[in-house]
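In: Got a predicted model here, sequence first, then my questions.
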Amino acid sequence: MALLEKVPFLKRMLEMGYTLALVIVISGIVGLVLAYPVKLLWNFVFGSILTINVLQAWALNVLMGILFGNRTSNGKK
């Protein structure tokens with residue numbers, strides 16, 4: 001750790017790495033929590049045909065976000 005004290009750039013990069021990892025973990029947890037109602041709704045509507053688990057509901061959320069996400073355009077280039 002003495003190297004980090006001598007090279008402030010490395011210390012800053014390590015802090016940014018920790019922050020990025022924390023953001024990714026928190027985003028994943030929030031995504032899984034929000035996927036649970038999707039799972040319940042899917043299984044309520046299509047339960048007799050096909051049931052899904054939470055990870056499949058999470059993937060469905062991601063896919064729908066990509067396909068039908070908010071695409072704003074103000075007409076300026």
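Out: Yep, that arrived.

In: hey, let's count contacts and neighbours off CA atoms from now on
Out: OK.

In: Just give the number of residues close to residue 58.
Out: Residues near residue 58, counting by other CA atoms under 10 Å, number 20.

In: Which strand or helix spans it?
Out: helix 54-68 (DSSP states H and E).

In: ok, residues contacting that helix?
Out: 31-32, 34-36, 38-39 (CA atoms under 8 Å, 6 or more residues apart in numbering).

In: Just the ones in helices from those residues, please.
Out: Among these, DSSP state H puts 31-32, 34-36, 38-39 in helices.

In: Narrow those to those that are buried.
Out: Using 16 or more other CA atoms under 10 Å as the burial test, these include 31-32, 35-36, 38-39 as buried.

In: how about those residues in CSV, adding distance to residue 68 and pLDDT?
Out: Shown next, in CSV, are these (distance: CA to CA, whole Å; pLDDT from 0 to 100):
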residue, distance to residue 68, pLDDT
31, 17, 88
32, 19, 88
35, 16, 91
36, 20, 91
38, 16, 90
39, 19, 91
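
In: Quickly name whichever of those is closest to residue 71.
Out: Among these, residue 31 lies closest to residue 71 (CA to CA), at 20.3 Å.

In: Buried by neighbour count: which residues of the host helix or strand of residue 13 qualify?
Out: Using DSSP H and E, residue 13 sits in helix 8-46. If you call a residue buried by 16+ other CA under 10 Å, then helix 8-46 has these buried ones: 31-32, 35-36, 38-40, 42-43.

In: ok, now stretch 57-68?
Out: Residues of stretch 57-68 classed as buried by neighbour count (16+ other CA under 10 Å): 57-58, 60-61.

In: which one of these is nearest residue 7?
Out: Ranked by distance to residue 7 (CA to CA), those are led by residue 58 at 41.0 Å.

In: Only alpha carbons, please: show stretch 35-51 as PDB.
Out: Coordinates of each C-alpha in stretch 35-51 appear next as PDB, following Å, rounded to 0.1, in the frame of the first residue of the first chain:
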ATOM      1  CA  ALA A  35     -37.900  -8.400 -11.600                       C
ATOM      2  CA  TYR A  36     -39.900 -10.100  -8.900                       C
ATOM      3  CA  PRO A  37     -43.200  -8.400  -9.700                       C
ATOM      4  CA  VAL A  38     -42.600  -9.200 -13.400                       C
ATOM      5  CA  LYS A  39     -42.200 -12.900 -12.400                       C
ATOM      6  CA  LEU A  40     -45.400 -12.800 -10.400                       C
ATOM      7  CA  LEU A  41     -47.400 -11.100 -13.200                       C
ATOM      8  CA  TRP A  42     -46.000 -13.400 -15.900                       C
ATOM      9  CA  ASN A  43     -46.800 -16.500 -13.800                       C
ATOM     10  CA  PHE A  44     -50.300 -15.200 -13.000                       C
ATOM     11  CA  VAL A  45     -51.100 -14.600 -16.700                       C
ATOM     12  CA  PHE A  46     -49.200 -17.400 -18.400                       C
ATOM     13  CA  GLY A  47     -48.800 -19.800 -15.400                       C
ATOM     14  CA  SER A  48     -50.700 -22.700 -17.000                       C
ATOM     15  CA  ILE A  49     -48.600 -22.500 -20.200                       C
ATOM     16  CA  LEU A  50     -45.100 -21.500 -19.000                       C
ATOM     17  CA  THR A  51     -43.700 -20.300 -15.700                       C
END
